[in-house]
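> Sequence first, then the predicted structure, then my questions.
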Amino acid sequence: MNTIAEKIKAGAILISDGAWGTFLQQMGLQPGECPESWNLKYPDKVLKIAQSYIDAGSDMIETNSFGGTSFKLSNFGLQDQVFELNKAAAEISRKAAGPNKHVLGSIGPTGKMLVMGDVSYEQLYEAFKEQALGLAAGGVDAIVIETMTDLEEAKAAVSASKENTNCEVICTMTFDKGPDGDFHTMMGVSPAEMVEQMVDAGAAILGANCGNGMENMIGIAAEIRKTNATIPLLIHANAGAPVYKNGETLFLETPEQMAGFVNELTSAGANIIGGCCGTTPDHIKQMAEVVKKMN
Amino acid sequence: MNTEELLTKLAECVEFGKVNKAAPFPPAMKGQDGADELAKLAVEMGIKPTDILNEALILAMDKVGDKFTQKKIFVPQMLIAAKAMNAAMAHLVPFFKSGEVKRKGTFIIGTVAGDLHDIGKNLVAMIVEGAGWEVIDLGVDVSAAKFKKCIQDNPTAIVGLSALLTTTMQSMQKIAAEIKAEFPDIKLIVGGAPVTDDFSKEIGATGYSSDPQGAVTLLNSLVA
């Protein structure tokens, strides 16, 4: 199988998957419950999510391992199961994807702050390495480091994945729009800074996820493209902003609305399009149909 | 250095996060005295502690909060400013204890049960403390029982509930209801990424702010 970057260099637009967290909640994950624990407790339910995105037309799917570092798992007393939980996450998604679609091992932030001296860079590197090794052992062919806001933490995760596995490494950060219309992460990182530093660290694919609906993502994609015209670019947008109604959190952007932005997003430079919070297999399906007409 | 110059310099150290002389940050102030040394000097010079608090620390943290709201600075700059503020504030502790300097009020804050995120909550706690409030930080994953115990011990306090996850907004709603059932007159404010003004009204909170500086304005208005 060609790598994702090779397919993109050959001109393809690819479709990624949609939300996992909000999907798990729908399937009964309780607030305060560890999502990754389901990889061993309820593998069939996790497989169902993975399968639903493959069925919707995803060229690649993620794994249920966003909070799979020892730092995050220690909140649930599961810090000794990093390898097993991540390996299981990878195996479940691989089972759904088969040999011909890509599995991206998901790695999220640790919640620790380097700037406050909570942890050292070396500690972060070791934690990400441990997670990446579990994901690789379970059969992922790429690793997606996502929802990052701090450059140093992202760098630790990218380097740890690049230096210890054979996986293609993807890094996406979460940007907010400022009053002047420019984008920064909450730690103050601009899209341009991300590009410069993460390419050096070894990321093959860059992009943005979460925090924004499709409309803002078009602006972010354009910003990234200003700095680097060729790097493969992945966008995982939310289904709009969350709305809370009668005890339920809703993401109201419909599959049709999201699919309506796909052309503009690829024109802005995105090569891989998928969803984050609130997106469903139906969102992915409708976006995949737009992309099918482009390829 | 006269009083005015010293307080101006101290305010600058807090605003730009110069913690002490040894601190390498910010590079432009390398080798200079920081908030720690200047606050100590101010106390030794006999400057009124209230003036140190109001005319240096609160003034500086107010600017920091405003710049953060306008996204001119980001989380790291805010954290480092709060660290400098804490270094200076340490020299005022005896005056808080003796009652010579009064705080604006007591603020109890915590991230609600089921939610383990502390960054937003910490930012609010720091800015509120820097605005002259006593802050009791109950941490993350805080149950209604824990909030209620703390209110019992601090009956005049205002309570702040934080949530990052959309799923724990339900937890926020439950905790707010439990607190209000036992303390009907309590002033309770809410915040966090998914929280909105509408949601705050829906759950009967006294107020909402989308950013730390707004929380200060809100709190100050509640005791005015």
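Everything's here; your move. Residues are numbered from 1 along each chain as shown, chains lettered A, B, ... in the order given.
> burial of residue B:2, as a residue count?
8 (other C-beta atoms under 10 Å in any protein chain shown). (Each C-beta comes from the backbone N, C-alpha and C, glycine too.)
> repeat for the one 5 residues further on
Using other C-beta under 10 Å as the criterion, residue B:7 is surrounded by 23 other residues.
> Low-confidence ranges, the stretch 101-250 of chain A, go.
Where the stretch 101-250 of chain A drops to pLDDT under 70, the residues are A:247.
> Return the residues of it in contact with chain B.
Residues of the stretch 101-250 of chain A found near chain B (C-beta under 8 Å from any C-beta of the partner chain) are A:111, A:113, A:115-116, A:149, A:176, A:178-180, A:184-188, A:242, A:244, A:247, A:249.
> middle-most residue in chain B, spatially?
For chain B, the residue nearest the mean C-alpha position is residue B:128 (2.2 Å; C-alpha atoms, centre = their mean).
> which residues touch that residue?
For residue B:128, the contact set (C-beta atoms under 8 Å, 6 or more residues apart in numbering or on different chains) comprises B:107, B:109, B:135, B:160, B:212, B:215, B:216, B:219.
> Just the buried residues of the residues you listed.
Neighbour counting over those (16 or more other C-beta atoms under 10 Å in any protein chain shown) leaves B:107, B:109, B:135, B:160, B:212, B:215, B:216, B:219 as the buried ones.
> Need the residues that contact the helix or strand harbouring the first one.
When secondary structure is defined using DSSP states H and E, the element that contains residue B:107 is strand B:106-111. By C-beta under 8 Å, 6+ apart, the list of residues contacting strand B:106-111 from outside reads B:117-118, B:121, B:124-125, B:128, B:133-142, B:146-147, B:150-151, B:154, B:156-164, B:192, B:219.
> Indicate each strand paired with it and its parallel or antiparallel sense.
strand B:134-137 (parallel), strand B:158-162 (parallel) (DSSP bridges).
> That one: how far from the chain's middle?
Its chain's average C-alpha position is 9 Å from that of strand B:106-111, according to C-alpha atoms, centre = their mean, to the nearest Å.
> Relative to chain A, which of the contacts of residue B:128 is nearest.
Proximity of the contacts of residue B:128 to chain A (C-beta to the nearest C-beta) peaks at residue B:212, which lies at 12.2 Å.
> That closest one touches residue B:123, doesn't it?
Yes - contact criterion C-beta atoms under 8 Å: residue B:212 and residue B:123 qualify, at 5.1 Å.
> tell me, what's touching these two both at once?
Listed as contacting both residue B:212 and residue B:123 by C-beta under 8 Å, 6+ apart are B:68, B:78.
> For ChimeraX, write the select line for the buried members of the residues of the stretch 101-250 of chain A next to chain B.
In ChimeraX, a selection of the buried entries from those looks like this (16+ other C-beta under 10 Å):
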select /A:111,113,115,149,176,184,185,186,187,188,242,244,249
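> Going along the chain, name the helices of chain B.
B:3-16, B:35-44, B:49-52, B:59-69, B:75-89, B:93-98, B:119-130, B:144-153, B:169-182, B:197-202, B:212-223 (DSSP state H).
> okay, now the residue nearest to residue B:26 when sequence neighbours are not counted: neighbour count?
Distance criterion C-beta to C-beta, 6 or more residues apart in numbering or on different chains; nearest residue to residue B:26, sequence neighbours excluded, is residue B:16 at 5.2 Å. Here the number of neighbours of residue B:16 (other C-beta under 10 Å) works out to 21.
> dump the residue contacts of residue B:16.
Residue B:16 touches B:26, B:28, B:29, B:81, B:84, counting by C-beta under 8 Å, 6+ apart.
> try 10 Å
B:25-26, B:28-29, B:34-35, B:60, B:63-64, B:73, B:77, B:80-81, B:84 (C-beta atoms under 10 Å, 6 or more residues apart in numbering or on different chains).
> Is it possible to mark the buried ones in these?
By 16+ other C-beta under 10 Å, the contacts of residue B:16 give B:25, B:29, B:34, B:35, B:60, B:63, B:64, B:73, B:77, B:80, B:81, B:84 as buried.
> Using the three-state scheme, assign the residue nearest to the spatial centre of chain A.
Geometric centre of chain A, nearest residue: residue A:146, 4.6 Å, by C-alpha atoms, centre = their mean. Following DSSP: H, G, I helix; E, B strand; the rest coil, residue A:146 is assigned to strand.
> Residue A:67 is in contact with that one, correct?
No - using C-beta atoms under 10 Å as the test, residue A:146 is too far from residue A:67 to be in contact (11.5 Å).
> intersection of neighbour lists for these two?
A:106, A:107, A:108, A:109.
> Which one of these is nearest to residue A:158?
residue A:107 (9.4 Å; C-beta to C-beta).
> What spatial separation is found between that closest one and residue A:154?
Separation of residue A:107 from residue A:154 (C-beta to C-beta, to the nearest Å) stands at 10 Å.
> Please compare these two by neighbour count and tell me which comes out ahead.
Using other C-beta under 10 Å, the more surrounded residue of residue A:107 and residue A:154 is residue A:107, with 32 against 29.
> returning to that earlier point: can you add pLDDT and give the contacts of residue B:16 back as TSV?
Listed next are the contacts of residue B:16 as TSV, based on pLDDT from 0 to 100:
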residue	pLDDT
B:25	85
B:26	90
B:28	92
B:29	94
B:34	97
B:35	98
B:60	97
B:63	96
B:64	96
B:73	95
B:77	93
B:80	91
B:81	95
B:84	95
